[in-house]
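**Student:** kindly return the folded structure for what I paste below:
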Amino acid sequence: MKVSNILIAKIKGFEGCKLQSYQDSVGVWTIGVGHTKGVMKGQIINAKQADLYLQSDLVPVESYINSLPHKFTQGEFDALADFAFNLGIDALRKSTLIRKVLQGSNDSDIQAEFNKWTHAGGQVLRGLVTRRAWEATRWKQN
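**Tutor:** All right, here's what the predicted structure looks like:
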């Protein structure tokens, strides 16, 4: 499976697109649409490069989710992909969220797990609350 255009639009909405590097809420150098790999202070890109970074950043996310022994709906796939894109594949891999998914827990238990991941730098961030709520809702959509 691949992420949907619905998710691409949401990621762009959640992350924004900044063509000059900046430090995110926890001090990580970031550019484009949430791209962090190899980003340096003062770096500048164009919109096309931002889209290419986003596409390349989603490849390992899609690969990891596709490797799981579960058949996902598009909504479920998108919800997990956004979570992994935002927090990292390792966070998803080690989470109770993915454990519940793979154990076949009910939707409400799985949705509750998304909503536990709302902190950055020791603080609850409104943007993360909104993002996790979207993922929990997307989980139940086709």
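**Student:** tell me the buried residues in stretch 4-17?
**Tutor:** 4, 7-8, 10-12, 14-15, 17 (16 or more other C-beta atoms under 10 Å). (Each C-beta comes from the backbone N, C-alpha and C, glycine too.)
**Student:** now those residues as TSV including distance to S63 and pLDDT?
**Tutor:** Formatted as TSV, the buried residues of stretch 4-17 follow (distance: C-beta to C-beta, whole Å; pLDDT from 0 to 100):
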residue	distance to S63	pLDDT
S4	16	98
L7	16	98
I8	17	98
K10	20	98
I11	17	98
K12	21	97
F14	22	96
E15	21	92
C17	24	97
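**Student:** just the ones in helices from those residues, please.
**Tutor:** In helices, judged by DSSP state H, the following of the buried residues of stretch 4-17 are found: 7-8, 10-12, 14-15.
**Student:** dump those to a markdown table, plus distance to E62.
**Tutor:** A markdown table is the format used below for these (distance: C-beta to C-beta, whole Å):
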| residue | distance to E62 |
| --- | --- |
| L7 | 11 |
| I8 | 12 |
| K10 | 15 |
| I11 | 13 |
| K12 | 17 |
| F14 | 18 |
| E15 | 17 |
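**Student:** out of those, who's nearest D57?
**Tutor:** For those, the minimum distance to D57 (C-beta to C-beta) is 9.3 Å, reached by I11.
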